[in-house]
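Undergrad: no FASTA, just this:
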């Protein structure tokens, strides 16, 4: 990947708070910020039960339609 493309993608990740980077001389070090994904984990956990029930209902509906 060309450096300008990489830096563009890195900038997007930094703006989203998913990574941080620092440049020392010619070396750029990038650090992942896993805590930034905590809100995703919490949201998925809150909605997982409802999704599971809906998918179970859909499975039953589709089985009935094939008989």
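TA: Sure, I can see it. Keep in mind the model is a prediction, meaning the values are calculated, not measured. Numbers count the residues shown, from 1 in each chain.
Undergrad: how much space is there between residue 32 and residue 10?
TA: Distance of residue 32 to residue 10, given as Cβ to Cβ, to the nearest Å: 12 Å. All C-beta spots, glycine's among them, are computed from the backbone N, C-alpha and C.
Undergrad: Any buried residues in stretch 15-28, and which?
TA: For stretch 15-28, a neighbour-count test (16 or more other Cβ atoms under 10 Å) marks residue 19 as buried.
Undergrad: mean confidence score for that stretch?
TA: For stretch 15-28, the mean per-residue pLDDT is 92.
Undergrad: Outside of it itself, list whatever touches it.
TA: Contact partners of stretch 15-28, identified using Cβ atoms under 8 Å, 6 or more residues apart in numbering, comprise 10, 13-14, 29-33, 36-37.
Undergrad: Select only the buried ones of those in ChimeraX?
TA: Of the contacts of stretch 15-28, the buried ones go into a single ChimeraX selection, burial set by 16+ other Cβ under 10 Å:
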select :13
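Undergrad: With distance to residue 47 and secondary structure added, can I get the contacts of stretch 15-28 in CSV?
TA: Formatted as CSV, the contacts of stretch 15-28 follow (distance: Cβ to Cβ, whole Å; DSSP: H, G, I helix; E, B strand; the rest coil):
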residue, distance to residue 47, secondary structure
10, 31, helix
13, 25, helix
14, 28, helix
29, 36, strand
30, 31, strand
31, 29, strand
32, 25, strand
33, 23, coil
36, 19, helix
37, 16, helix
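Undergrad: what's the most distant pair in the contacts of stretch 15-28?
TA: 29 and 37 (20.2 Å; Cβ to Cβ).
Undergrad: Now for residue 60, which secondary structure element holds it?
TA: Assigned by DSSP states H and E, residue 60 belongs to helix 38-65.
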